[in-house]
Structures are given as C-alpha cells and as structure tokens.
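>>> here is the input, now give the coordinates:
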Amino acid sequence: MELLQRPGVDLELRKGTELHLVQCRQWPAHKVGVAVVWELYGVMAARGAAGGFVVTSGTYTTDAESFAAGRNIVLIGGDRLSSMVEAAGASMSRRAGSGTAEPKVRQAQVQPVSDATAEKIRVTGAPACPICGSAMVRRVARRGTNAGNAFWGCAVFPRCKGTLPIA
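Residues are numbered from 1 along each chain as shown. This is a model prediction of the structure:
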C-alpha cells in the first residue's frame with residue numbers, strides 16, 4: 001500500500017487503483033463534529049475515493065457518527081486507536097521473536113541548516129525547526145485545547161509542520 005500526503009487530507013492510501021483518504025484530528029478534550037466528516041466526504045467525492053477514515057485521539061459527536069454510517073467512512077476514536085496501536089506493537093514483538101524481519105519504516109529526512117538559515121536563526125533568536133532545521137516563527141493557536149497560546153511553528157508550514165513550545 002502506498003502512502004501519500006496531499007492538501008485537504010492527511011494521508012492517501014492506495015492499493016492498486018483503489019483510493020482511501022485519511023483525516024486526523026488530535027482533539028482529546030473535544031468531540032469531533034459532523035463538519036469534519038462532511039469535509040472528508042466532499043473531498044472523497046471530488047477525488048473519486050472508495051472510502052475514508054477520520055482518526056482522532058478523542059471521540060465523535062452523535063451527528064458525526066450518524067453521518068458517517070452507510071457512507072464508507074470509518075470513524076476511529078481514541079480508545080479504538082489505542083487498541084490498534086497496542087495490537088500492532090504485540091504483532092511486531094511476535095515477529096521479532098520468531099526471527100521474521102520487521103517491516104521497514106521510512107525515516108524522516110532531516111535537512112542540514114544552510115548558513116543563511118543559521119544566520120537568520122541567530123539574529124532573530126528563533127529556534128531551528130526540530131524536523132527540517134528551518135527558522136521558526138512565533139504563532140498563536142486558533143483552536144483546540146491550546147487556543148490563544150503562543151508556540152513556535154516552522155516558517156515553511158505547511159510543507160513542514162514542526163512546532164516547539166515557547167519557553
């Protein structure tokens with residue numbers, strides 16, 4: 001199965017000619033509402049996707065669950081996600097114990113910081129992005145549990161989604 005990232009969704013899953021789209025929400029303190037599921041459904045229709053998944057660390061509203069029912073959209077909540085992660089970990093442990101090679105996981109490529117970027121970071125006092133090494137800029141969260149709080153965000157967002165807390 002091939003994994004790709006595209007605007008409008010967090011992941012594209014392809015197997016042969018079949019396309020499934022994935023939308024992720026890290027909202028442990030809030031329920032994911034029907035608007036997120038509507039959005040995914042619209043993107044699925046526009047892209048001709050066979051199905052979709054909305055994954056969250058939290059839970060879903062009743063309206064979101066009702067809308068997803070019968071539309072080939074799977075809602076994976078925090079409890080189910082935890083169970084899936086635990087099951088995958090147990091499976092990996094069994095494979096490692098049986099001598100079967102573990103699947104290869106592609107590591108993120110960290111680019112070295114250029115001299116110009118290093119100078120910009122030194123002059124502004126901003127930290128370097130932990131993912132790509134670019135300068136970071138001060139941002140303010142607009143929604144979620146950290147709404148209104150400042151944080152460092154990568155200057156090349158949305159290509160890189162690196163963040164750091166402001167100390």
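>>> from the chain's centre, how far out does stretch 82-89 sit?
Averaging C-alpha positions (Cα atoms, centre = their mean, to the nearest Å) puts stretch 82-89 17 Å from its chain's average.
>>> likewise for stretch 82-94?
20 Å.
>>> what is the neighbour count of A68?
A68 has 21 neighbours, counted by other Cβ atoms under 10 Å. Just so you know, the C-beta spots here come from the backbone N, C-alpha and C atoms, and that holds for glycine as well.
>>> domain map for this protein?
2-98, 115-165 (automatic domain parsing).
>>> hey, least reliable of these by pLDDT?
Mean pLDDT is lowest for domain 115-165 out of the domains of the chain, coming in at a mean of 75.
>>> what ranges do the helices span in the protein?
34-47, 62-68, 78-98, 115-124 (DSSP state H).
>>> now those as JSON lines including distance to G148?
What follows is the helices of the chain, written out as JSON lines (distance: least, Cβ to Cβ, whole Å):
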{"stretch": "helix 34-47", "distance to G148": "21"}
{"stretch": "helix 62-68", "distance to G148": "25"}
{"stretch": "helix 78-98", "distance to G148": "24"}
{"stretch": "helix 115-124", "distance to G148": "23"}
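>>> for A46, what are its contacts?
For A46, the contact set (Cβ atoms under 8 Å, 6 or more residues apart in numbering) is empty.
>>> so how far is G58 from E39?
Counting by Cβ to Cβ, to the nearest Å, the separation of E39 from G58 is 17 Å.
>>> again with A88
From A88 across to G58, the span is 20 Å (Cβ to Cβ).
>>> higher neighbour count, those two?
Set A88 next to G58 and count neighbours by other Cβ under 10 Å: G58 wins out with 17 against 10.
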